[in-house]
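A.B. asks: when you get a sec, could you give me coordinates for this:
(2 chains)
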Amino acid sequence: MKPARFDYYLPATLEEALATLSELGSDGKVLAGGQSLVPMLNMRIAQPAALIDINGLVDLDAITCEHGALRVGAMVRQATLERSGPALGQVPLLAQALPLVGHWQTRNRGTLCGSLAHADPSAELPLLLSVLNGSVEVHSSRGVRTVAARDLFVSFFTTSLEADELIVAAYLPIAPARRRYAFNEFAQRHGDFALVSVACAVEFDEQGMLAHLTLALGGAGEVPLVVEAADALGRLLDRELIAALAERASTACDPPSDHHASAAFRRQLVRTLTGRMLTALVPQEEAAAT
Amino acid sequence: MIESPARTRPRRWIGEAVPRKEDPALLTGAGRFIDDLDPFPHTHHAAILRSPHAHARILSIDSTRAMALEGVKAVLTGARVAEISKPFHAGITEPVHFYPIAVDKVRYVGEPVAVVVAKDRYIAEDALELIDVEYERLAPVVEIDRALAADSLPLHENVGSNVVHERSFTYGEVDAAFAAAEEVVEATFRFPKYASTPIETYGVIAQYQRGTNTYAIHANFQGPFVLHTLLASALCVPGNRLRILVPPDIGGSFGIKALLYPYMGLIALASKESGVPVKWIEDRLEHLCASSSLTDRLTHVQAAVLRDGTILALRLDHVDNVGAYVRAPEPACLYRMHGTSTGAYRIPALAIHNRLVTTNKLPTGLNRGYGGQEHYFALERTIALIAKRLHLDRLDVVRRNLVRADEFPYHAPAGSVLDSGDYHTAFDEALRLAGYQDLLATRDRARAQGRSAGIGLACVVEPSGSSMGYITIALPLEQRKKSLPKSGAAEAVTIALDPSGAITVRLGTAPQGQGHQTVTAQIVAEELGVTLESIEVVAEVDTQTSPWTIASGTYSSRFAPIAAVAVQQAARKVAMKLRTIAAQQCDVPLDDIDLADGLAIPRGDRSKAIPLKRLAGLAHWNPLALPSGMEPGVYETSYYSVPILEAPDDLDRVNSSAVYGFVVDICLIEVDRETGKIEIQRYVSVHDTGRMLNPLLAEGQIRGGFAHGLGGALMEEMVYDEQGALLSGTFVDYLCPTAAEIPPLTIGHVDTPSPFSPLGAKGIGEGNSMSVPVTIANAVADALGIDDITLPLTPRRVWEMVQR
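C.D. replies: Have a look, this model is predicted:
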């Protein structure tokens, strides 16, 4: 479990980092928190020619509010975010999702942007970005662009980023006043990658009807999957609708099979978790009525 | 008449909840583990090329490119190992040749194929990628059923079959009992393959000393030191040319580090070949694919019973899968529980048919509970099935068959002598602690609401202190007669007082976190009347200088019934010597001297007391003043062997263990039918530990065994696909319970001191790893109304059971 030989770069500025990345192209791999990359190096699953360590880029560890979103820099540790009162207040789903990400030891090093760039479909943070309809700010020597969550994740461990591009920040939209969120996952042990995870954002209007619903699934396909739910708007979130949405989620996904869980079992978990999550979100008066 | 003053009694330490002596160093990062050691100058590092195939012939190995890499010193392959060493012996007659590296064929994924010795581990691993191996793939044999099939390709061609051992045993009138039975309850059980996962993996630092043809091997090896003899034989040196040194600290083992010995041999040979000392620290990937595990087992049980639940006889058919080789101490997996096959029950007749098969899986060995979890899974599921099929209350079936308190010592038909116990009282205590009536009510309430709740029970006899002779019943009588009988189970301890009176105790147990230093200090402090702090306990073993026996080591929960007694005996020898000197100095009879508070006190008169340090000083500095005939110095070694452990008799009966504890487990679980998740709502475990030496350590052992048992019940399994590829080769795929997964455990005790052990103590390290898998299985069977339960009860498997 020793990595193969690699060159190591420690750029002092973002410009230098981007220039190095541009020069190395796909031979270079960015090192931020290293909680996925370093084990892969040690197991020689990844054998990049060079590592570009961005831990020296102090400008990237800021959490700010910009354009109605929480902007989380590339070097912000998951643990920092977890302990940031304002961040949790503005994006309450973080408080539900972050404790499920690995263990506190790994969150002390791991970053939000690093997890997004790694694009593990079972990971919590890509699902979080997807259900919030967030985006990432991507830099390269060629310029800056914004990539929405739905355009970022392409396949297993694959993003739409070019080889010379770096995620410099993630944008998590600030929660509207009446919006409520839930994050629910099924893992065999605390801190494991979930077999499947589900998350949603909902809003009810004055009459108690659904005014907003985003439902997304993790571990149920190549990328985090947002389930089509526009037809649910204006309806009461009753038992029938919940069952229909849970059924739709379980058929919409395309989960993998392995020795932990068959695809059929993962679908079943998606159905159950979706149903339970939505049931818990039903406003109390309706719950009492049904 | 002169009234004698009150005699001084030493402070009692045995039985006290003393915190561990070991903890300050361990908790401050000051432990000294194998990887911390740097005993030889110019040490090089090994990396091991491992087989990617389950079953293949090695056509060629070309290490030219690897040797050309700068920093590479040597590449050792199986062909060379076969030239310079001999295969390891095991306890069967069939010629299953086992070397520490593949010689002509690979037989499991992860089997060593070549060893690179290089300047550092990075270069060594780089070189692995430069070794070219040509394989011819062969049909893999993965599961027990395939191994039993007549047309399965034998792993070992010279044996000609994958059934490499077979024996049958009959005790009592089995056929008559089955003829008299009112019902026969019959079932088949499969137990999965899983392992131990200590935080510290294997480690070896070996030096071949050319000048003396001697091997010095530092290794975090736990014993049994009979494997020293085996290793010396394989390395073709007499025992005094093989020096094994065990570091002061070992980071857990749970049995698995007994199977370090093949790697000790392999790295020693790598040192010989390369001419430099060689260090190898196993990484986690290596540990998961190529260290050791318990056996997966197929058991078929027939129980002859009366309608009231009385069990008249058992027929047990076992097939144990030892993986690719039969590595010593196998076939002990089949025989450790042999004498105790009838468990906690009065079953007068017993027939056993044992087979051992080889498959293309990791070879097996000791694993906390060794043989017990497999055995009790079948036995205690059978008890539950008897109650179910006869429509009897499970409690009645258990009570009717448990050995009664007035029957101890109880001679089980296959030879175990259950020393002491009060099983019925322990059973009742478990029911009381569990609030059994409440559990029933809770379960039935849940069921009334459409949920699936169940109660599980198990009663387990926990043997400790394995005999050195039990494995020989694997050999037929005529074979056994050809060699010397093997009996007993010994341990050795040395206690020395230096000229300043400082006390050093030297153990041969190679502990891995059990707290032997603490308990040893308790015993010595009590015997010598000194403080715990004044005693230094050295647990590092050096076979050249430490006292040891072939049985030495830490396995089969043997410290409490065996090593602790050797400690007490050695301390008593020292006490006798010190008191004899003091009696002469004070001019009183020996019987009038007491040892307490660091003093030898004549007739309770502290004004005339002599400090122990003065007595020790006298023994070293002034031997002429010693009582006539007494040797100078204070250095006493005691060897203790358990008297009751006789060699197997001509009727194949063997008392396999020194003493026998008892465990009753009761749990209430609920199954989430939608997700397959099992929630343990209540778990109670009542133990008979004999006389408890240290309640804190006893509780730690129970909680540790419980966690390991939960792993086997719910998560842990070495999963191979049909090609023999290992699917659980990382900690992402091989799941062990962590603190977050361990439910609360209620512990109770009904302790009956053993009459057969001078301290009365029984081992306690393995009971729950034997009992928990079947207790949970019984609860799930109860919850789902399903008889066919397969472990581990992962969410997927439970959900699929619910679907059926």
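A.B. asks: now the residue in the stretch 251-400 of chain B that chain A sits nearest to: phi and psi?
C.D. replies: The minimum distance from the stretch 251-400 of chain B to chain A, using CB to the nearest CB, falls at B:D283 (3.9 Å). For every residue, glycine as well, the C-beta is placed using N, CA and C. Dihedral angles of B:D283 (phi, psi; degrees, to the nearest 10) stand at phi -90, psi 170.
A.B. asks: which ones are touching it?
C.D. replies: Neighbour list for B:D283: A:1, B:201 [criterion: CB atoms under 8 Å, 6 or more residues apart in numbering or on different chains].
A.B. asks: try 10 Å
C.D. replies: A:1-2, A:42-43, B:47-48, B:121, B:125, B:201-202 (CB atoms under 10 Å, 6 or more residues apart in numbering or on different chains).
A.B. asks: how about B:S196?
C.D. replies: Shown in contact with B:S196 (CB under 10 Å, 6+ apart): B:252-257, B:259, B:287, B:291-294, B:365-369, B:708, B:711, B:716, B:736, B:769.
A.B. asks: ok, now with 6 Å
C.D. replies: Residues in contact with B:S196 (CB atoms under 6 Å, 6 or more residues apart in numbering or on different chains) are B:254-256, B:367-368.
A.B. asks: what about residue 38, neighbour count?
C.D. replies: In the absence of a named chain, chain A is used. By the other CB atoms under 10 Å in any protein chain shown criterion, the neighbourhood of A:V38 contains 15 residues.
A.B. asks: the chain in question should be chain B.
C.D. replies: Using other CB under 10 Å: B:D38 sits among 11 other residues.
A.B. asks: then the helix or strand hosting A:V144 to PDB, C-alphas only?
C.D. replies: A:V144 is part of strand A:143-148 when elements are defined by DSSP states H and E. Provided in PDB are the C-alpha atoms of strand A:143-148 (Å, rounded to 0.1, in the frame of the first residue of the first chain):
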ATOM      1  CA  GLY A 143     -11.100  31.500 -18.100                       C
ATOM      2  CA  VAL A 144     -13.900  31.000 -15.600                       C
ATOM      3  CA  ARG A 145     -17.300  29.300 -16.100                       C
ATOM      4  CA  THR A 146     -20.200  28.100 -14.000                       C
ATOM      5  CA  VAL A 147     -21.400  24.600 -14.200                       C
ATOM      6  CA  ALA A 148     -24.800  23.600 -12.800                       C
END
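A.B. asks: list the buried residues in the next helix or strand after it.
C.D. replies: Once the chain leaves strand A:143-148, the next helix or strand it forms, by DSSP H and E, is helix A:149-152. Across helix A:149-152, burial judged by 16 or more other CB atoms under 10 Å in any protein chain shown covers A:149, A:152.
A.B. asks: got the contact list for helix A:149-152?
C.D. replies: For helix A:149-152, contacts defined as CB under 6 Å, 6+ apart pick out A:129-130, A:134, A:159-160.
A.B. asks: tabulate these (JSON lines), appending secondary structure and distance to chain B.
C.D. replies: Output for the contacts of helix A:149-152, formatted as JSON lines (DSSP: H, G, I helix; E, B strand; the rest coil; distance: CB to the nearest CB, whole Å):
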{"residue": "A:L129", "secondary structure": "helix", "distance to chain B": "23"}
{"residue": "A:S130", "secondary structure": "helix", "distance to chain B": "23"}
{"residue": "A:G134", "secondary structure": "coil", "distance to chain B": "27"}
{"residue": "A:T159", "secondary structure": "strand", "distance to chain B": "22"}
{"residue": "A:S160", "secondary structure": "coil", "distance to chain B": "26"}
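A.B. asks: and the residue in the stretch 151-290 of chain A positioned nearest to chain B, what is it in contact with?
C.D. replies: Among all residues of the stretch 151-290 of chain A, A:H190 sits closest to chain B, at 3.6 Å; criterion: CB to the nearest CB. Going by CB under 6 Å, 6+ apart, A:H190 touches B:A740.
A.B. asks: ok, it to A:A97 distance?
C.D. replies: Using CB to CB, to the nearest Å, A:H190 is found at 14 Å from A:A97.
A.B. asks: what's the answer for B:S483, then?
C.D. replies: 65 Å.
A.B. asks: need the residues of chain B near chain A, please.
C.D. replies: Contact residues, chain B versus chain A (CB under 6 Å from any CB of the partner chain): B:121-122, B:125, B:283, B:674-675, B:719, B:727, B:735, B:738, B:740-741, B:796, B:799.
A.B. asks: can you do 7 Å?
C.D. replies: B:121-122, B:125-126, B:283-285, B:674-675, B:715, B:719, B:727, B:735, B:738, B:740-741, B:794-796, B:799 (CB under 7 Å from any CB of the partner chain).
A.B. asks: give me the below-cutoff pLDDT ranges for the chain.
C.D. replies: Since no chain was named, I'll use chain A. Within chain A, the ranges that satisfy pLDDT under 70 run A:285-290.
A.B. asks: that answer is for a different chain, and I need it for chain B
C.D. replies: Within chain B, the ranges that satisfy pLDDT under 70 run B:1-6.
A.B. asks: spatially central residue in it, please.
C.D. replies: B:Y555 (3.8 Å; CA atoms, centre = their mean).
A.B. asks: point out the residues in chain A that sit beside chain B.
C.D. replies: With CB under 7 Å from any CB as the criterion, chain A meets chain B at residues A:1-2, A:4, A:43, A:186, A:188-190, A:259-262, A:265, A:268-269, A:272.
A.B. asks: where does the closest residue to B:P695 other than its chain neighbours land in three-state SS?
C.D. replies: Excluding the flanking residues, the one nearest B:P695 by CB to CB, 6 or more residues apart in numbering or on different chains is B:A17, at 4.6 Å. Classification of B:A17 using DSSP: H, G, I helix; E, B strand; the rest coil returns coil.
A.B. asks: so B:A17 makes contact with B:L696?
C.D. replies: Yes. Taking CB atoms under 7 Å as the definition, B:A17 is a contact partner of B:L696 at 4.6 Å.
A.B. asks: thinking again about what came up before, now the buried members of the residues of chain B next to chain A.
C.D. replies: Among the residues of chain B next to chain A, those scoring as buried are B:121-122, B:125-126, B:283-285, B:675, B:715, B:719, B:735, B:741, B:794-796, B:799 (criterion: 16+ other CB under 10 Å).
A.B. asks: and the helices in the stretch 151-290 of chain A?
C.D. replies: In the stretch 151-290 of chain A, the helices defined using DSSP state H, counting those that start in this stretch lie at A:239-252, A:263-281, A:284-289.
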